[in-house]
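Novice: Predicted model and sequence below, questions to follow.
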Amino acid sequence: VDRSKYEALVRDCAWRPEGADLVGHLTEQVVLYETPSDRDLEPLAAILAERLSGAEVDPTRLSADSGQPLVHFYRGALAYEQGDDELALAALGEALKLDPGEPIAHHLHAHLSGESPASVSSAERLQVLDRMAKALMADPYERAVDFIAATIRAQRRPRVLEVGVGGGTQIVALLERLAADPGEVEELRIVGLDIVPEYLEGVAGRLDELDRADLPPFSFEAVEGSVETIDAATRRRIAGDGIDAINASIVLHEVPGLGKLDALRALAEFEGAALAMAEWNFTTENVIGTREALFLFNVRGAAAAMAGAVRPGHGLEVARKGVRVWLGQGHDQLVGDATVRQECFLSADGWERLFAATGWDAKRTSGTDGRAAIVTWDARPTAA
Ligand SMILES: C[S@@+](CC[C@H](N)C(=O)[O-])C[C@H]1O[C@@H](n2cnc3c(N)ncnc32)[C@H](O)[C@@H]1O
């Protein structure tokens, strides 16, 4: 697949809801407001659907008098897309009058006014990220570990590949699962792959400190490298006498563009291995332009998915701060140049196209409606 085919694939599978689906989704997008209301969402959906399906739309068709801040946000987004920054600024200003704390309108308004958006201190950032991670990751991380444990329990000496070991949380969780219910497992052999050597060392240290009396015998082999460019020697080393299961949780979104296909294809070559994957939803892959209404729609949707997961347990302020932290990452996720923007957010459908193109038969196991912030899949090699 060359870059242009890849771009077509990403563009083609971008989510463009209409009718009741779009109204329903906009009802989720208002979670970022102090007082979420479904006022005026139907007329907004009708006009937005036209734009998402490719028609030119005059932003002034959206009411300048609505009491719904989201109407003003999209009036601004449509104007911004057309290069009418004056109208965009005025419309975003109206949105902020109705709710000054909404982070995306605030960020874009600040950018258009030549100001820098409010930032979050690094101490606060860490605290917020930790809470967000706990709220977002608990279920997907658990599901991935459960799937791996269930897949290997019938074997005596299973070998598991952990792609992106990070802090090793899932490796420890897998050992604990097997301690509680070992099945036939007499020894677990873990191969950990990561591009960051310090993470690999950290995990090795963490595993050394575990009380082995409580755990099944295990070994850990650290392999430094990037999943999308594993060379032949490294591949042989990882393959060893076989890989039974692979965990790739919240890793592949970090692999730019086409590399995602290379990575999935490389993993499919470990013959017979089952794959657990958890990933962010809605990646636009730098394919969709920064000023496109589709891009702003995706960002607004992704932010709402995060806030929707975080707000019930932690409140609106933490949810909004989380969105601000995300927007401020790297070269600025909202207004930064598309070519240096972090890769975030394909739709779940997009990931599934990538699975299908690389030899995986994947079943969605969480976020089954495809709209969750993080989606998980159990995948098996496509039968030859
Ligand atoms: C969110 S963490 C995974 C968390 C981990 N499963 C755990 O239990 O803590 C993602 C990891 O992927 C690694 N990573 C990023 N890009 C990678 C690549 N191209 N190849 C291999 N690992 C990569 C990062 O260094 C990071 O450690």
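Specialist: Ah, there it is.
Novice: what are the ranges of the helices in this structure?
Specialist: The residue ranges that make up the helices of the chain, judged by DSSP state H, are 3-12, 19-29, 41-52, 69-81, 85-98, 103-112, 122-152, 169-180, 197-208, 232-239, 259-268, 293-314, 316-328, 348-357.
Novice: Tell me the gap between stretch 272-288 and the middle of its chain.
Specialist: Relative to the centre of its chain, stretch 272-288 is centred 7 Å away, using Cα atoms, centre = their mean, to the nearest Å.
Novice: which non-adjacent residue is nearest the residue of the stretch 101-250 of the chain at minimum distance from the ligand?
Specialist: Each residue of the stretch 101-250 of the chain has a distance to the ligand, by Cβ to the nearest ligand atom, and the smallest belongs to residue 164, at 2.5 Å. Backbone N, C-alpha and C define where each C-beta goes, glycine included. Ranked by Cβ to Cβ, 6 or more residues apart in numbering and with sequence neighbours excluded, the top spatial neighbour of residue 164 is residue 251, at 3.5 Å.
Novice: Quick check: residues of this protein near the ligand?
Specialist: With the criterion set to Cβ under 6 Å from any ligand atom, the chain comes near the ligand through 163-170, 193-196, 199, 226-228, 249-251, 254-255.
Novice: Now list the buried members of these.
Specialist: Neighbour-count burial within the residues of the chain next to the ligand applies to 163-166, 168-170, 193-195, 199, 226-228, 249-251, 254-255; the criterion is 16 or more other Cβ atoms under 10 Å.
Novice: Which members of the residues you listed occur in strands, if any?
Specialist: Applying DSSP state E to these, the entries found in strands are 163, 193-194, 249.
Novice: pLDDT check: weakest of those?
Specialist: Ranked by pLDDT, those bottom out at residue 249, which has 90.
Novice: ok, what's across the strand from the closest residue to that one other than its chain neighbours?
Specialist: Nearest residue to residue 249 in three dimensions, chain neighbours excluded: residue 278, at 4.2 Å (Cβ to Cβ, 6+ apart). Here residue 278 shows beta-bridge partners residue 249, residue 376, assigned using DSSP bridges.
Novice: how near is residue 278 to residue 336?
Specialist: With the distance defined as Cβ to Cβ, to the nearest Å, residue 278 ends up 26 Å from residue 336.
Novice: Neighbour count: those two, which is higher?
Specialist: More neighbours sit around residue 278 than around the other of residue 278 and residue 336, counting by other Cβ atoms under 10 Å; the figures are 26 against 16.
Novice: which residues touch that one?
Specialist: Taking Cβ atoms under 8 Å, 6 or more residues apart in numbering as the criterion, residue 278 is in contact with 137, 140-141, 143-144, 249-250, 366, 374-377.
Novice: Mind giving me the ChimeraX command for buried ones among those residues?
Specialist: When burial is assessed using 16+ other Cβ under 10 Å, the buried subset of the contacts of residue 278 is captured in ChimeraX by this command:
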select :137,140,141,143,144,249,250,374,375,376,377
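Novice: from the contacts of residue 278, which two are the most distant?
Specialist: Longest distance between any two of those is 15.5 Å, between 137 and 377; criterion Cβ to Cβ.
Novice: low pLDDT regions in the stretch 251-384 of the chain?
Specialist: Across the stretch 251-384 of the chain, the ranges flagged by pLDDT under 70 are 282-285, 330-331, 339-347, 368-372, 384.
Novice: Same question for the stretch 1-150 of the chain.
Specialist: Going by pLDDT under 70, which is the cut-off in play, the stretch 1-150 of the chain has low-confidence ranges at 1.
Novice: cutoff 80 now
Specialist: 1-3, 5-7, 9-15, 117-138 (pLDDT under 80).
Novice: if we can go back for a sec, I'd assumed residue 249 was in contact with the residue of the stretch 101-250 of the chain closest to the ligand.
Specialist: Yes - with the criterion set as Cβ atoms under 8 Å, residue 164 and residue 249 qualify as a contacting pair; they are 7.2 Å apart.
Novice: Now do the residue lying closest to residue 63 once chain neighbours are set aside against the ligand, distance only.
Specialist: Nearest-residue entry for residue 63: residue 71, 6.0 Å, with adjacent residues in sequence omitted and distances by Cβ to Cβ, 6+ apart. Residue 71 is 36 Å from the ligand, where distance means Cβ to the nearest ligand atom, to the nearest Å.
Novice: before we move on, what about residue 271?
Specialist: In this structure, residue 271 and the ligand are separated by 20 Å, where distance is defined by Cβ to the nearest ligand atom.
Novice: So what does that residue have for phi and psi?
Specialist: Dihedral pair for residue 271: phi -50, psi 130, per degrees, to the nearest 10.
Novice: which one is residue 193 nearest to, not counting chain neighbours?
Specialist: residue 223 (4.8 Å).
Novice: check contacts around the one you found.
Specialist: Contact criterion Cβ under 8 Å, 6+ apart gives 191-193, 200, 234, 237-238 as the residues in contact with residue 223.
Novice: Any idea how many residues pack against the residue lying closest to residue 291 once chain neighbours are set aside?
Specialist: Excluding its sequence neighbours, the residue lying closest to residue 291 (Cβ to Cβ, 6+ apart) is residue 81, at 5.2 Å. Residue 81 has 21 neighbouring residues, counting by other Cβ under 10 Å.
Novice: which ones are touching residue 81?
Specialist: The neighbourhood of residue 81, defined by Cβ under 8 Å, 6+ apart, consists of 291-293, 296.
Novice: ok so, going back, got a pLDDT number for the residue nearest to residue 193?
Specialist: On the pLDDT scale, residue 223 is placed at 97.
Novice: Report the separation between it and residue 210.
Specialist: For residue 223, the distance to residue 210 under the criterion Cβ to Cβ works out to 20 Å.
Novice: What distance do you get for the most centrally placed residue in the chain to the ligand?
Specialist: For the chain, the residue sitting closest to the mean C-alpha position, by Cα atoms, centre = their mean, is residue 280 at 1.5 Å. Distance of residue 280 to the ligand, computed by Cβ to the nearest ligand atom: 10 Å.
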